[in-house]
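J.: A predicted structure for the sequence below; I have some questions about it.
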Amino acid sequence: MTHIDTIALPVSAPGTTRSLRVHRYGRAGARPKAYVQAGIHADELPANLAAHHLAGLLAAADRAGDVVGEIVLVPLANPIGLSHVLFNHHQGRYHAQSGQNFNRGWPNVAIGAAEAVRGRLGSDGEANLALLRAAVAEELGKVVPGNEAESLRLVLMKLAADADVVLDLHTDSEAELHLYVDPAHWPGAADLAGLLGASVVMFCRDSGNDPFEETVCRPYWLASQSATGAPLALPLSVVVELRGEADVSDELARRDAEAVMRFLAQRGVIAGSGETPPAFTGIAAPLEATEIVKAPVGGILVYKKELGEQVAAGETIAEIVDPLADGAGARTAVVAAADGRLFARARQRLAWPGAPIGKVQGLTPLPGRVPGKLMYD
Ligand SMILES: [Zn+2]
C-alpha cells in the first residue's frame, strides 16, 4: 500500500513553510530496502521528471502486490533550491543563504557509528548490519543542523541511511548518461549501468567534502575495516546522472523510470522478471581517470567535439574565442590531457579561467587526481 508522508522542514523565515513529500511503497521494514531521491541539485530537472514517472510505475506495482521489499522515493529532494530563481534564471546547485553546494557536507557519522560497533560484530552478517544501522541512526540523532540546507540533508540522510540500495538521481550540464559508484560494487552494478544505457561508470569512495552517495556508505566500509567476523555488506549507493539539464522529455524520463523498475526487480525489491539485463558497453574506470577539463582563459566557448566522441591526448576539445582579439590570438585551444571519451560538456557558453567545460573519461589515473580532491564544487 502506497503512503505519502509530508515532512515539514524547519521554518527559515517567518511566514514561510517548506516540506518534503516522501512516497513509501511496500511494507515498512521489509527487505531489501531501496531509497531513491531526485534533484538534490534542484536545477537538474530530468531527475525529477524521471522520479515522477517512477512514482506512477511504483504505485502500480504496489497495487499489484509486486513490491517485495520497501521502497522510499523522494521525487523532489530539494524544495529550497527549487525556489532559487534569480533574475529569471533558476539556480539550485548552491544554497543561496550559505553558498554551500547542496550535495556536499552531508552528515558524516561514520567514525562514531564504527566506534559504537567496534568489537561487537560477529559471524552473523545480518546481525552485524542491524547493529550498524542502529548505531548510524543513533549518531544521526545527535546531529544538530546549522542551517536550513543542513536540516534538509539530515532529513534525507535519515531516510536513506539504512537502505540496501540507494539511487541519487542527478543531471549533468550537457552529458551522456553516467554513474558514480563505490569500487566495491563493480562489476556488481553493471546490471544498473546496462539497463540505463550508461556510457561511463566512475568508481569513487573518497572524492572529498562528503557527497551524499559516499556518505551513505562510509559507516559501512569504515566499520568493515575492523570487523573480524562476517563481511559487512556495503549498501549499493549510486549517483545516476541522467544526461544534461536540457534533456527534459517524457520519453527519456519514462525510459529511465522503466530501467530503474527493472533494476529493482533484479535486486529483488520488486517481483522479478528474471530477465538478463543488457550488457554494459561503456567505460568503467576510477574517478582518478576522469579529466575535469578547465578553461585556461575567459571568452566564448566553442566546442570542436561532440558528446560521446573519443579524443586523443593533446587533441582540441574546444576553442575559447576572445571577440576583441584579432587573428590567431583570438582563439585559445583547450586540449585533452589524455585519451578518453568526452562524456560531459558545459551548457553555458561563457568561459572564465578555471571554469569546468567538460569531462573526459580515460582508463588510467591522471597526475594530480587524488582522493579527497576529485570533485569540483
Ligand atoms: Zn547534481
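T.: Ah, there it is. Residues are numbered from 1 along each chain as shown.
J.: can you count the residues close to the closest residue to residue 125 other than its chain neighbours?
T.: Spatial nearest neighbour of residue 125, chain neighbours left out: residue 230 (3.9 Å); criterion: CB to CB, 6 or more residues apart in numbering. For the C-beta atoms, the positions are set from N, CA and C on the backbone; glycine is no exception. By the criterion of other CB atoms under 10 Å, residue 230 has 16 neighbours.
J.: residues touching the residue in the stretch 151-300 of the chain that the ion sits nearest to, list them.
T.: The stretch 151-300 of the chain approaches the ion most closely through residue 170 (3.4 Å), counting by CB to the ion. The contact partners of residue 170, taken as CB atoms under 8 Å, 6 or more residues apart in numbering, are 39-41, 44, 47, 103, 239-242.
J.: can you rerun that using 6 Å?
T.: If a contact means CB atoms under 6 Å, 6 or more residues apart in numbering, then residue 170 has 41, 44, 47, 239, 241 as its contacts.
J.: Using the three-state scheme, assign the closest residue to the second one other than its chain neighbours.
T.: In space, residue 44 comes closest to residue 171 once its chain neighbours are excluded; the distance is 3.5 Å by CB to CB, 6+ apart. In terms of secondary structure, residue 171 is strand; the call rests on DSSP: H, G, I helix; E, B strand; the rest coil.
J.: Might one say that residue 171 is in contact with residue 42?
T.: No - counting by CB atoms under 6 Å, residue 171 stays clear of residue 42, with 10.7 Å between them.
J.: Would you mind listing what in the stretch 101-250 of the chain touches the ion?
T.: By the rule CB under 5 Å from the ion, the part of the stretch 101-250 of the chain lying against the ion is residue 170.
J.: which residues in the stretch 101-250 of the chain form strands?
T.: Assigned by DSSP state E, counting those that start in this stretch, the stretch 101-250 of the chain shows strands spanning 165-172, 174-175, 178-181, 200-203, 236-244.
J.: looking at the protein, which helix or strand is least sure?
T.: Ranked by mean pLDDT, DSSP states H and E, the weakest helix or strand in the chain is helix 212-226, scoring a mean of 93.
J.: Using CSV, list the CA coordinates for that one.
T.: The C-alpha coordinates for helix 212-226 follow below in CSV (Å, rounded to 0.1, in the frame of the first residue of the first chain):
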residue,chain,number,x,y,z
PHE,A,212,25.6,12.1,-0.5
GLU,A,213,26.2,8.7,-2.1
GLU,A,214,29.6,8.2,-0.5
THR,A,215,28.5,9.5,2.9
VAL,A,216,25.7,6.8,3.0
CYS,A,217,28.3,4.1,2.5
ARG,A,218,31.1,5.4,4.7
PRO,A,219,30.0,3.9,8.1
TYR,A,220,29.7,0.5,6.5
TRP,A,221,33.2,0.4,4.9
LEU,A,222,34.8,2.1,8.0
ALA,A,223,33.2,-0.5,10.3
SER,A,224,34.2,-3.3,8.0
GLN,A,225,37.8,-2.3,8.4
SER,A,226,37.8,-3.5,11.9
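J.: what about the residue nearest to residue 44, how many neighbours?
T.: Neighbour tally, residue 171, other CB under 10 Å: 27.
J.: Who is the spatially most central residue of the chain paired with across the strands?
T.: Most central in the chain under CA atoms, centre = their mean is residue 239, positioned 2.6 Å from the mean C-alpha point. When assigned by DSSP bridges, residue 239 has beta-bridge partners residue 168, residue 180.
J.: right, and it touches residue 213 too?
T.: Yes - contact criterion CB under 6 Å: residue 239 and residue 213 qualify, at 4.9 Å.
J.: Give me the common contacts of these two.
T.: residue 168.
J.: The residue nearest to residue 125 and residue 123 touch, don't they?
T.: Yes - using CB under 6 Å, residue 230 makes contact with residue 123 at a distance of 5.2 Å.
J.: Turn the strands of the stretch 101-250 of the chain into JSON lines, columns for distance to residue 63.
T.: Below are these laid out as JSON lines (distance: least, CB to CB, whole Å):
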{"stretch": "strand 165-172", "distance to residue 63": "22"}
{"stretch": "strand 174-175", "distance to residue 63": "35"}
{"stretch": "strand 178-181", "distance to residue 63": "30"}
{"stretch": "strand 200-203", "distance to residue 63": "34"}
{"stretch": "strand 236-244", "distance to residue 63": "26"}
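J.: would you turn those into CSV with mean pLDDT?
T.: CSV is the format used below for those (pLDDT from 0 to 100):
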stretch, mean pLDDT
strand 165-172, 98
strand 174-175, 98
strand 178-181, 98
strand 200-203, 98
strand 236-244, 98
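J.: so how far is the first residue of stretch 368-377 from its last?
T.: End-to-end distance of stretch 368-377: 17 Å, with CA to CA, to the nearest Å as the criterion.
J.: should've said stretch 288-300
T.: Stretch 288-300 has an end-to-end distance of 29 Å (criterion: CA to CA).
J.: tell me the contacts of whichever residue of the stretch 251-377 of the chain sits closest to the ion?
T.: Closest residue of the stretch 251-377 of the chain to the ion, CB to the ion: residue 375 (10.7 Å). Residues near residue 375 by CB under 6 Å, 6+ apart: 207-208.
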